[in-house]
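Visitor: What follows is a predicted protein model with its sequence.
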Amino acid sequence: MTLHQGNERIQSRQSTGDTVFDIIVIGGGVVGCAMARRFTLEGAHVALIEKAPDILDGASKANSAILHTGFDATPGSLELHCIREGYREYLDIYRALGLVHEKSGAHVVAWTDEEMDRLGQIRAQAHENGISDVAVIDRATLRKHEPNLSRHALGAVEVPGEGIIDPWSAPYVYLRQALANGAEVFLHREVTGGDFDGNAWRLHTTTGPVSGRLVVNCAGLFGDRVDHAVLGHSDFQITPRKGQFVVFDKAASKLVSSIILPVPSARTKGIVLFRTVFGNLAVGPTAEDQDSRTDASTKEEVLRTLIKDGIAKIPALEGMPVTATYAGLRPASEKKDYRIQVMAEKNWITVGGIRSTGLSGALGIARYVYGLYEKTGMTHTPLPDPALPKAAVLAEGAPRDWHAENHGEIVCHCELATRREIEAALSGPLAARSLAGLKRQTRVTMGRCQGFFCSARLAELTEGHFAVPMSEAIDDA
Amino acid sequence: MMRNHPPLNSGAALDVAVIGGGPSGLAAATALKESGTARVVVLEREAQAGGIPRHCGHPPFGMREFRRVLRGPTYAARLVERALRAGVEIHTGTSVVQVRPGGSLLVAVAKGVMEISARRIILATGVREMPRSARLISGVRAQGVLNTGALQSMVYLKNRRPFHRPVIVGSELVAFSAIMTSRHAGIRPVAMIEANARVTARWPSALYPRLSGVSLLTGTRLLEIHGERSVTGVTVAGPDGARRCIDCDGVVLSGRFTPESTLARCGHLEVDPATGGPIVDQWGRCSDPVYFAAGNLLRPVETAGWSWSEGRKCGQWVADDLAGRLPPLVSALDVKTHDPRLKYVMPQKIMLPPAGTGMVDLQLRVTRPVRGELVAVNGKGILWRQNIHALPERRVLVPIADMDCAGGAGTIQFEIREEIT
Ligand SMILES: Cc1cc2nc3c(=O)[nH]c(=O)nc-3n(C[C@H](O)[C@H](O)[C@H](O)COP(=O)(O)OP(=O)(O)OC[C@H]3O[C@@H](n4cnc5c(N)ncnc54)[C@H](O)[C@@H]3O)c2cc1C
Ligand SMILES: Cc1cc2nc3c(=O)[nH]c(=O)nc-3n(C[C@H](O)[C@H](O)[C@H](O)COP(=O)(O)OP(=O)(O)OC[C@H]3O[C@@H](n4cnc5c(N)ncnc54)[C@H](O)[C@@H]3O)c2cc1C
């Protein structure tokens, strides 16, 4: 394998059709973005292919945004290993990349005597997993930590290391760092098949082929389908598991300081109350198996149950306005653990079934996969001094663009997104091509009014940028 | 149209800062100047002052204010012109981001942020409609689901249209504006649906959809919005519970107004969950007495004319307050309702007997048609009673002077008794 010196700091170099990349990453979810970054930093020439016009359009579109410690992961599992590695690396790099980490801590709260009896076991598992600061606290201490919690709370396991991050800026900047160091991205191109000549892959996409020596399938909710389409078989099957959420008004975020977890069941971590780094308080997710890999619809009855659940835990939420509702789909497979497989003879690695901890695990998964790759005898020279792009500053309380001079204007009044931020998000190799993409990059329309005040201005500013435009000029039609 | 006025800066000695340049804010500022207040500024976050009427491209506006029938944009322009003539400084592109105790404001403009303070602040930030999320509507977050206000802004301010065949949800007056706006833009609504058995708006409007060829489906509830990227249809349930799908490429969620009370809610001012606006006394004074509130921020929802007239009065009361003529904010009685048939009562604090100035009436609304006796009680007994026949779209006014003030202290509760069904 030729060593590729990929340290050019060019924004978007588009290779000619005959470039043979070292690595092709299929899928621009959080896992694919972290993968592209890791291989690029190690010195490989990487292409990332994403079928949607914007990245983060699958499972990574919507989650609880918690950076997990791994305290409740299965001891000895690959998932635990990757979460721990991912957590460690995130803490190493987040400042340099302009990301946020709010170490809010979490409480696994017991609401019944049976749940109280299980707290010791949860602590023991956390200790076994190497998270040694996890402790059981009594009712009085819990009340001191969380005075707004319902009086029915009996006690808790305190997990000081759990925290919240920005679920979109993180993967965006992972991929941006890859791009700034020589990787390339192909958006709005679906991988439909491929040929392997014993040395390299030629992947077919909806708009022409992309060639590379090794493929890392990070297709998330479509991981099994991509294996089928290209390899003809898959060792696992994805059954999407939907999680619905309700986001309360920012006024609610004063009511809790930590992440409020229930005592988990085998199937799910259960319904969580968590603050977001954007200053909201959210409740969710549900865990509902379904066949559709794209249907992230919400159901009124379910949302009402979530609100009720939130109020039962934090009575002061009664009457609190709802800002947003959403749902995400977990790429669940037959097993709880990650499904990472190397087919060395085929130059293919599948990273599948990253069900419910991918945001936390992504950086660790990428390191682990790079390790597997090295074991096949491949190596590159790590970039000595990689470019460090900075993430957009979107967290509540951070020095946002509206604080700075010459931002143009505030376009989204609820989330205080500026014209300069919007224009930046509409340009460059990861330019937003849909309102959903623009939301993830700038937060426009994600606040209280959900676009009442700014939709018209946005329709004007985004003209010519979106695959499906927000509006058309009246005179044109 | 903007006159030259001194720039806004942190050191400015402001008498009154009005947040929001809609009908109520402009009226308040104008009244303040007319009563001799020195430096009065309006802080407006949009590029143009005028508020909601800027994008209501239809009549009737202005009867009360100009004694003629105007379209919204003309009306808004005239209010601005009148305020400027009176010497009000209007700063557009100026967002108030935070209100702080004692009258200091964090303000963002294109150049950056600054903190300004004024002796009095008037909040006049209006209302908006409830979005899809807060209505908990089932389905996907497809593109093409808008409130009427967003539709109007696209059509009248930007000459753009977001869809061709939307379903309009709701039948408050504003839903009829949605039809008018659609017609203006060559949009053909496929249906108007209303969950209640009757149209909410009063009767002349009720004829309008039929006249415009829009089918009106009452007793019909929106169950779900379909479409992956853009709206492709909705499922509704009719009066008999039967479900059906309606093909459409957009959804207009009209009405269900909520005060735009972010500043109060996230600041230090008390908010009334019933109105959704700040808690005020009969002078529009908030829990921090340096702050006042006027217009539709006080409660959902009244007309532009009503908001304008409230703004004018509020301006006068603030001028009175600056001159030391308002009674201090003590000994006011709380006014509340726990009756589910009553939506709100505003002001939420009153002084009895009324002092001669201030709001003359308490404003109430019912949540559904009600015929019965409306009573105001406190610990001492009944302070006021009257038979009413009220509809949700009509305000109920209770003259404060008619309340029996011998009752003395204690929270005043409004409730319906002897409902005739
Ligand atoms: C409700 C919910 C809550 C969660 N909470 C948390 C949490 O708090 N903390 C945490 O760490 N994790 C959480 N997760 C888990 C986390 O979101 C997922 O593990 C993670 O997003 C999986 O990412 P991925 O990159 O594997 O998959 P995806 O995000 O699905 O990425 C796959 C990408 O591949 C693309 N693709 C698919 N097929 C093709 C093709 N043929 N050609 C090209 N591109 C293709 C897709 O469009 C997609 O963008 C949660 C998940 C859900 C649903
Ligand atoms: C979609 C819609 C349609 C309507 N149609 C009609 C109609 O046809 N006829 C009618 O009589 N009434 C109508 N109304 C009612 C409307 O509320 C009143 O007409 C009138 O606009 C109320 O005046 P206001 O000054 O209280 O508020 P608004 O007119 O809403 O003005 C509030 C102003 O405050 C500004 N603002 C808000 N927050 C800030 C901040 N933080 N910093 C700076 N500025 C801020 C806003 O930009 C806005 O300009 C409609 C309302 C809506 C929402």
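Guide: Sure thing, it's come through. Ligands and ions are numbered 1, 2, ... in the order given.

Visitor: B:A110: how many residues sit nearby?
Guide: Using other Cβ atoms under 10 Å in any protein chain shown, B:A110 is surrounded by 16 other residues. Any C-beta I mention is one placed from the backbone N, CA and C, and that applies to glycine too.

Visitor: Where does pLDDT dip in the stretch 1-150 of chain B?
Guide: B:1-4 (pLDDT under 70).

Visitor: where exactly do the helices run in it?
Guide: Here the stretch 1-150 of chain B has its helices, by DSSP state H, counting those that start in this stretch, at B:23-34, B:63-66, B:72-86, B:148-152.

Visitor: Quick one, which of these gets closest to B:G57.
Guide: helix B:72-86 (6.1 Å; Cβ to Cβ).

Visitor: Any idea how many residues pack against the residue of the stretch 201-350 of chain A found nearest ligand 2?
Guide: Nearest residue of the stretch 201-350 of chain A to ligand 2 (Cβ to the nearest ligand atom) works out as A:K250 at 13.8 Å. A:K250: 23 surrounding residues under other Cβ under 10 Å.

Visitor: Could you do the one 10 residues further on as well?
Guide: As a burial measure, A:I260 scores 24 neighbours (other Cβ under 10 Å).

Visitor: so does the helix or strand hosting it get close to ligand 1?
Guide: For A:I260, the host element (DSSP states H and E) is strand A:259-262. No. Residues of strand A:259-262 are not located near ligand 1 by Cβ under 6 Å from any ligand atom, the shortest gap being 8.9 Å.

Visitor: Extract the CA atoms of the very next helix or strand once past that strand and return them as CSV.
Guide: With elements assigned by DSSP H and E, the helix or strand that comes after strand A:259-262 is strand A:272-275. The C-alpha trace of strand A:272-275 is given here as CSV (Å, rounded to 0.1, in the frame of the first residue of the first chain):
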residue,chain,number,x,y,z
VAL,A,272,-34.8,9.8,30.7
LEU,A,273,-35.1,13.4,31.7
PHE,A,274,-32.2,15.4,30.4
ARG,A,275,-31.1,18.9,29.7
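
Visitor: circling back: next, format the helices of the stretch 1-150 of chain B as JSON lines and append mean neighbour count and distance to A:P240.
Guide: What follows is the helices of the stretch 1-150 of chain B, written out as JSON lines (neighbours: other Cβ atoms under 10 Å in any protein chain shown; distance: least, Cβ to Cβ, whole Å):
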{"stretch": "helix B:23-34", "mean neighbour count": "30", "distance to A:P240": "49"}
{"stretch": "helix B:63-66", "mean neighbour count": "16", "distance to A:P240": "57"}
{"stretch": "helix B:72-86", "mean neighbour count": "21", "distance to A:P240": "47"}
{"stretch": "helix B:148-152", "mean neighbour count": "28", "distance to A:P240": "32"}
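
Visitor: Of all the ones you listed, which one is nearest A:S60?
Guide: Using Cβ to Cβ, the nearest of the helices of the stretch 1-150 of chain B to A:S60 is helix B:148-152, at 28.0 Å.

Visitor: Which strands or helices does that closest one pack on?
Guide: Where contact means 3 or more Cβ pairs under 8 Å, 6 or more residues apart in numbering or on different chains; DSSP states H and E, helix B:148-152 is packed against strand B:127-129, helix B:173-184, strand B:250-253.

Visitor: Could you tell me which residues make contact with the residue of the stretch 201-350 of chain A closest to ligand 2?
Guide: Contact analysis of A:K250 by Cβ atoms under 8 Å, 6 or more residues apart in numbering or on different chains lists A:G279, A:N280, A:T323, A:E396, A:R448, B:C266.

Visitor: what do you get for B:R341?
Guide: B:V366, B:T367, B:R368, B:V370, B:I416, B:E419.

Visitor: State the pair within these that is farthest apart.
Guide: Spanning the widest gap among the contacts of B:R341 are B:T367 and B:E419, at 12.6 Å by Cβ to Cβ.

Visitor: okay, those two: which has more neighbours?
Guide: Higher neighbour count among B:T367 and B:E419: B:T367, with 13 against 10, using other Cβ under 10 Å.

Visitor: Quick one: the strands in the stretch 1-150 of chain B, in order.
Guide: B:14-19, B:40-43, B:89-91, B:95-100, B:104-109, B:112-123, B:127-129, B:138-139, B:145-147 (DSSP state E, counting those that start in this stretch).

Visitor: What of the stretch 251-400 of chain A?
Guide: According to DSSP E, counting those that start in this stretch, the strands that the stretch 251-400 of chain A contains are A:259-262, A:272-275, A:281-284, A:288-289, A:322-330, A:339-343, A:348-352.

Visitor: Can I get these in TSV including mean pLDDT and distance to B:V80?
Guide: Output for those, formatted as TSV (pLDDT from 0 to 100; distance: least, Cβ to Cβ, whole Å):
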stretch	mean pLDDT	distance to B:V80
strand A:259-262	98	48
strand A:272-275	98	41
strand A:281-284	98	39
strand A:288-289	96	52
strand A:322-330	98	32
strand A:339-343	97	63
strand A:348-352	98	59
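
Visitor: Nearest to B:P59 among those strands would be which one?
Guide: Of all the strands of the stretch 251-400 of chain A, strand A:322-330 comes closest under Cβ to Cβ, at 34.6 Å.
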